[in-house]
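Visitor: Next input, structure requested:
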Amino acid sequence: TQYSFKEVFGTHVLQKELFDVVAKPLVEDLIHGKNGLLFTYGVTGSGKTHTMTGSPGDGGLLPRCLDMIFNSIGPFQAKRFVFKLDDKNGVEVQCEVDALLERQKREAMPVPKTPSGKRQIDPEFADMINVRDHCKVEEVDEDNVYSVFVSYIEIYNNYIYDLLEEAPFEPIKPKWNSCNTPVRNGDFIPPQSKLLREDQNHNMYVTGCTEVEVKSTEEAFEVFWRGQKKRRIANTQLNRESSRSHSVFIIKLAQAPLDADGDNVLQEKEQITLSQLSLVDLAGSERTNRTKAEGSRLREAGNINQSLMTLRTCIEVLRENQMYGTNKMVPYRDSKLTHLFKNYFDGEGKVRMIVCVNPKAEDYEESLQVMRFAEMTQEVEVARPVDRPLCGLTPGRRFRNQAFREELSRRLEMRGGPINGETEEQSVSDVFLQNFPPLPSCELLDVNDDQTLPKLIEVLEKRHKLRQMLSEEFAKNVLAFKTMLQEFDSSVISKENYIQGKLSEKEKTIAGQKTEMERLEKKIKTLEYKIEILEKTATIYEEDKRNLQQELESKSQKLQRQASDKRRLEARLQGMVAETTMKWEKECERRVAAKQLEMQNKLWVKDEKLKQLKAIVTEPRTEKPERPSRERDREKPVQRSGSPPVPNTPPVRLRHRRSRSAGERWVDHKPPSNLPTETVMQPHVPHAITVAAASEKALAKCDKYMLTHQELASDGEIETKLIKGDVFKTRGGGQAVQFTEIETLKQESPTGRKRRSSPCNADPPEGAADSEWTDVETRCSVAVEMRAGSALGPGYEHHAQPK
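Guide: Numbering: from 1, shown residues only. All right, here's what the predicted structure looks like:
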């Protein structure tokens, strides 16, 4: 079975390679104000928690994501409590004074809720966060300030619990006594499950969940590790530390732009961007017959499998709605897992899934189900989130403000004066007064002194004139500046009007383009739906085509078989016709020969009668004629004058008689018209099937054939012929017989008696005994008549005078 994925990693892949391909784009989107969801999915014991957390010396995806976030926003982080999360999944901005008061209040608390970043790192996880890659996002908005908040929850038996909630006496694992029963302790408070709510932007969040503001990778991972110790794990037959719940580590990044001076955070809630990255470690699907779970473990396994099945059902319904244009309701509320991440599947962020596969043969069936589901999720399209609005302030104001402060402090240090606003203003006034004429000494020592006052009056008059000149020049400058301001205002107003006109035109153009884009998107969806229908129709037609081709091939094969059967039948019929034709030709020849013999016999009888009549007429006798003796007949054999001539046949070449093995079987064909012969020698064939008529069934069982045929010989005796042949199969599926030899069984008189007709020339001896005279006519007073075509051979007809 083959499955296709966006990327496949081997068993020896490094955590950095996996992070660069899968998680790094999600961190970049987080810093750019977009949401992301990353979860691991697979069978129990396939390495999901290892992929997410990592191992000592080689951190997983979670510590690498935290390290990349703080490497990117490190110098641009806001002070603690400048951003404050509310209870409705929102964020507010506090001024510096409120943030300072909040920090002092938290520092005065006896037990700080947030871990201190200056504390020594726990050696238990120090190796996991010691990432030396220093990966960071290249394009970070330097005019924004950032704050990171983390929370950690788990979904256990379809209930949501806060793993960062401060509760006494370890509420996740209650105390047990030696009798294996829970200790009744009044201080023990069971953990309270949290509820899911929907904010004003229709995003799902966990109400009352602890969200901690962190300022470094170490501090964030310490919070994670504190919650990880509370997570539910158990020992099963397949995994020593099997996760019994779905854990969700949520990283929220709040960012807001600086004001125009680049000093403080802009106090506008609309300009605050809150993005979220959720790292989910799903519990593995498992079969209870393999884990041998019972009791609470069995209940946990049932809830885990049920939540994963709900996730699969939601993905399937989303895929069906997108592919076929339907509007089925997605059952998000059937499970807390799917209900929490409903917004991601509805288009509020990017979703990535890592499928962990264990190559063990025992996990083969579960791995097939996991990969089949994971391959199907690739066909679900999630809409991209909308970009955040621009604040409209001048970019680069943070660094310009810093440069201005540095330059101002440098110049003041060069002048040697204190660095404050009052002295600076005083020194400027002193410089301005130094331009006036110096005042003379105004001390009067003598009453008659008439020089000091006139000099003072002269200097004051000069100063007054200079002051009037400066005031007139100042009034002129003010008037000119007012004129310039009015001109500048008019030009600004005209430019604003021009810009507003251009903006309205651009907005109209953008609105028209949006309308056109919506129309094109609808058209694209319609065309995609039509293409899908056409692809399905083409698939159906191709299937029908394949079925018709298969049917055509089967019909053609059937026709070929029928044609071959027809050819075999034609060949068989031709053989039967040829055999029948030959048989009837032989029968006709036999009948013609029998008829000719019958006519010859009749002619011979007539000739005999005419001869006897002629002898009676020409030679009348008074005494009784002598009957020739048998001895004389033996000495002088007289050939019958009217018998048909025997043709001279060539000598028959004797055939070699083959040996018959004991395994040969014979078909003994004895027609019912044969007469029994009382001879001592009788045909005897072992292993024979005796039949009255040859049948295909009998021939199929044997390999030899024998036909018993009887006919009358020339001396009037019955001659039995055994016609033998070999049986073999024909191409048409039948049997044929090839005749090989003929054996003849004939009975003769031991005395060599000859039959004769009436003598023509020889006279019978006188005194011969009557008993020695023999003739056909004298011996037979009854005629034996055979019809042509009879089973006994050609016909013979004898006539004699009655005695």
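
Visitor: per the record, what domains does the chain have?
Guide: As given by the TED database, the domain ranges for the chain are 15-109+121-168+191-378, 471-554, 692-743.

Visitor: Can I get those domains in a markdown table including distance to V8, mean pLDDT and mean neighbour count?
Guide: C-beta coordinates here come from the backbone N, C-alpha and C atoms, glycine included. Formatted as a markdown table, the domains of the chain follow (distance: least, CB to CB, whole Å; pLDDT from 0 to 100; neighbours: other CB atoms under 10 Å):
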| stretch | distance to V8 | mean pLDDT | mean neighbour count |
| --- | --- | --- | --- |
| domain 15-109+121-168+191-378 | 9 | 85 | 18 |
| domain 471-554 | 27 | 91 | 11 |
| domain 692-743 | 60 | 86 | 15 |
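
Visitor: wait, which of these is closest to K602?
Guide: domain 692-743 (17.5 Å; CB to CB).

Visitor: hang on, the earlier thing: could the domains of the chain be laid out in JSON lines, adding distance to T452?
Guide: Listed next are the domains of the chain as JSON lines, based on distance: least, CB to CB, whole Å:
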{"stretch": "domain 15-109+121-168+191-378", "distance to T452": "54"}
{"stretch": "domain 471-554", "distance to T452": "28"}
{"stretch": "domain 692-743", "distance to T452": "162"}
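
Visitor: right, so of the ones you listed, which gets closest to K606?
Guide: Proximity to K606, assessed across the domains of the chain by CB to CB, is greatest for domain 692-743 (20.6 Å).

Visitor: about what we covered before: and V577, which of the domains of the chain is closest to it?
Guide: domain 692-743 (13.3 Å).

Visitor: End to end on the closest one, go ahead and measure it.
Guide: Distance between the two ends of domain 692-743: 20 Å, counting by CA to CA, to the nearest Å.

Visitor: still on that earlier bit, the domains of the chain: which one's closest to M414?
Guide: With CB to CB as the criterion, M414 lies closest to domain 15-109+121-168+191-378 of the domains of the chain, at 24.0 Å.

Visitor: Can you check the distance spanned by the closest one, start to finish?
Guide: Terminal-residue distance, domain 15-109+121-168+191-378 (CA to CA): 23 Å.

Visitor: I'd like the distance from that domain to the chain centre, please.
Guide: 31 Å (CA atoms, centre = their mean, to the nearest Å).

Visitor: quick revisit: for the domains of the chain, which one sits closest to G575?
Guide: So among the domains of the chain, domain 692-743 is nearest, using CB to CB, at 7.4 Å.

Visitor: Run through the helices of the stretch 151-300 of the chain in chain order.
Guide: 217-228, 288-291, 296-324 (DSSP state H, counting those that start in this stretch).

Visitor: which is the next helix or strand following the last one?
Guide: Using DSSP states H and E, the next helix or strand after helix 296-324 towards the C-terminus is helix 336-340.

Visitor: packing partners for the following helix or strand past that next one?
Guide: Going down the chain from helix 336-340, the next helix or strand is helix 342-345, by DSSP H and E. Using 3 or more CB pairs under 8 Å, 6 or more residues apart in numbering; DSSP states H and E, the elements in contact with helix 342-345 are helix 296-324.

Visitor: List just the one of the domains of the chain that sits closest to Q574.
Guide: domain 692-743 (10.1 Å).

Visitor: contacting residues for Y529?
Guide: Y324, G325 (CB atoms under 8 Å, 6 or more residues apart in numbering).

Visitor: Roughly how far does it sit from K522?
Guide: When CB to CB, to the nearest Å is the yardstick, Y529 and K522 sit 10 Å from each other.

Visitor: and if you look at L62?
Guide: 41 Å.

Visitor: closest to D450 out of the domains of the chain?
Guide: Of the domains of the chain, nearest to D450 by CB to CB is domain 471-554, at 31.9 Å.

Visitor: Now do the closest one: distance to the chain's middle.
Guide: Distance of domain 471-554 from its chain centroid, counting by CA atoms, centre = their mean, is 39 Å.

Visitor: Now do the contacts for the spatially closest residue to V82 that is not a sequence neighbour.
Guide: Of all residues not flanking V82 in the chain, A99 sits nearest, at 4.8 Å (CB to CB, 6 or more residues apart in numbering). With contact set as CB under 8 Å, 6+ apart, A99 has these partners: K79, R80, F81, V82.

Visitor: from these, which is closest to V145?
Guide: Nearest to V145, judged by CB to CB, of these is V82 at 7.1 Å.

Visitor: wouldn't the closest one be in contact with N264 here?
Guide: No - applying CB atoms under 8 Å, one finds V82 not in contact with N264, separated by 9.3 Å.

Visitor: Can you work out which residues contact both of the two?
Guide: In contact with both V82 and N264: E96, using CB under 8 Å, 6+ apart.

Visitor: sorry, back to before: can you check which of the helices of the stretch 151-300 of the chain gets nearest to V145?
Guide: The nearest among the helices of the stretch 151-300 of the chain, by CB to CB, is helix 217-228 at 17.8 Å.

Visitor: Now do the strands in the stretch 101-250 of the chain.
Guide: With DSSP state E, counting those that start in this stretch, the ranges of strands along the stretch 101-250 of the chain come out as 144-156, 159-162, 196-198, 204-206, 212-214, 233-234, 242-243, 246-257.

Visitor: Format the ones you listed as CSV; extra columns: distance to G347.
Guide: Listed next are the strands of the stretch 101-250 of the chain as CSV, based on distance: least, CB to CB, whole Å:
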stretch, distance to G347
strand 144-156, 23
strand 159-162, 24
strand 196-198, 16
strand 204-206, 14
strand 212-214, 29
strand 233-234, 34
strand 242-243, 29
strand 246-257, 19
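
Visitor: for those, which one sits closest to E406?
Guide: Comparing the strands of the stretch 101-250 of the chain by CB to CB, strand 144-156 comes nearest, at 19.8 Å.
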